[in-house]
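Peer 1: build me a model:
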Amino acid sequence: MTDVDKVLEALKVHIKKEIVDNYFADRVYLEEDASLLEEEIAAYKRDADLAGRGFMALYQALGSPGAITAVLKILGLEEGPFSRQYQELEPPRRRELLGPFPPRGFTRAGRYLHLVWDVYDKLQQETEKLKEQYDSIITHVRLLNEDIDKFNLSYDFGLIAAQMEALEGRRESLPVSMVSGEREELSTRMRFKRRKLPPEELPEIPALPPLKKIKGRLKEILKRAMQEY
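Peer 2: All right, here's what the predicted structure looks like:
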């Protein structure tokens, strides 16, 4: 083997090693990014559970079905988030939802108004934060899938095999015993799966408007609710 042949052989080995190293380096990057996404999703779900308690606390604070329906209407919500879970709670558990909100006001009407204000204001801040988290996750999923598509295109098994065979002068670079089914299985294993995020896995919690924007209409509803009792 001449010196030129040795250099060419070393170059082939280097190129093959670089292809393999790049594949695993890029795959590790995708795995780490996918893991980070799962952490963001888990955090969103934890915060969504807190918002769920916030919605149920609002229903309890409003008190009457009529008031709940009227408030949901001004919020543009056809169906109350977590209303089914609220209905399933026993009365003592419902009352516990208002534990973090100490009474404020000197009259029954004043305490009622301030309770609803306090519960709604806290819930509004939670839903606003959730909206930011949700949008960030949706963007993250889109960018991750774009990287996955690039990865799968760059490391297509057929393309890599062709590159290897080109380096070997079109000789079969993979074992001849590898039948088409085995090649297809290997190609599938080398691909990185796109991340799907259906609504049932990541439910979108509606962001509520600030209290100051609906306080007037909300106060009218609460006054009517107090007159019913």
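Peer 1: CA atoms for contacts and neighbours, from now on please.
Peer 2: OK.
Peer 1: for residue 41, which non-adjacent residue is closest in space?
Peer 2: residue 137 (7.1 Å; C-alpha to C-alpha, 6 or more residues apart in numbering).
Peer 1: roughly how far does the one you found sit from residue 212?
Peer 2: From residue 137 across to residue 212, the span is 29 Å (C-alpha to C-alpha, to the nearest Å).
Peer 1: mind checking the SS state of residue 78?
Peer 2: coil (DSSP: H, G, I helix; E, B strand; the rest coil).
Peer 1: that one: what's it in contact with?
Peer 2: residue 72 (C-alpha atoms under 8 Å, 6 or more residues apart in numbering).
Peer 1: sorry, back to before: hmm, residue 38 and the residue nearest to residue 41 touching each other?
Peer 2: No - with contact defined as C-alpha atoms under 8 Å, residue 137 does not count as touching residue 38 (9.4 Å).
Peer 1: where does pLDDT dip in this protein?
Peer 2: Applying pLDDT under 70 to the chain flags residues 1-21, 157-189, 228-229.
Peer 1: which residues of it fall in helices?
Peer 2: 3-62, 65-74, 83-88, 91-96, 108-154, 157-167, 180-190, 211-227 (DSSP state H).
Peer 1: list the buried residues of the third one.
Peer 2: The one in question is helix 83-88. Buried residues in helix 83-88, counted by 16 or more other C-alpha atoms under 10 Å: residue 86.
Peer 1: what's that helix packed up against?
Peer 2: helix 3-62 (3 or more C-alpha pairs under 8 Å, 6 or more residues apart in numbering; DSSP states H and E).
Peer 1: again, 10 Å this time
Peer 2: helix 3-62, helix 91-96 (3 or more C-alpha pairs under 10 Å, 6 or more residues apart in numbering; DSSP states H and E).
Peer 1: follow-up on the earlier one: got a list of what the residue nearest to residue 41 touches?
Peer 2: Listed by C-alpha atoms under 10 Å, 6 or more residues apart in numbering, the contact set of residue 137 reads 37-38, 40-41, 44, 131, 143, 197, 202.
Peer 1: again, but for residue 63
Peer 2: Taking C-alpha under 10 Å, 6+ apart, one finds 57, 112, 116, 222, 225-226 in contact with residue 63.
Peer 1: from these, which is closest to residue 148?
Peer 2: Proximity of the contacts of residue 63 to residue 148 (C-alpha to C-alpha) peaks at residue 57, which lies at 41.9 Å.
Peer 1: that closest one: how many residues sit nearby?
Peer 2: The burial count assigned to residue 57 is 25, neighbours taken as other C-alpha atoms under 10 Å.
Peer 1: next one: residue 56
Peer 2: Using other C-alpha under 10 Å: residue 56 sits among 26 other residues.
Peer 1: ok, now residue 154?
Peer 2: 12.
Peer 1: likewise for residue 98?
Peer 2: So residue 98, with other C-alpha under 10 Å, has 19 neighbours.
Peer 1: name the nearest residue to it, sequence neighbours excluded.
Peer 2: Per C-alpha to C-alpha, 6+ apart, closest to residue 98 is residue 57, 5.9 Å.
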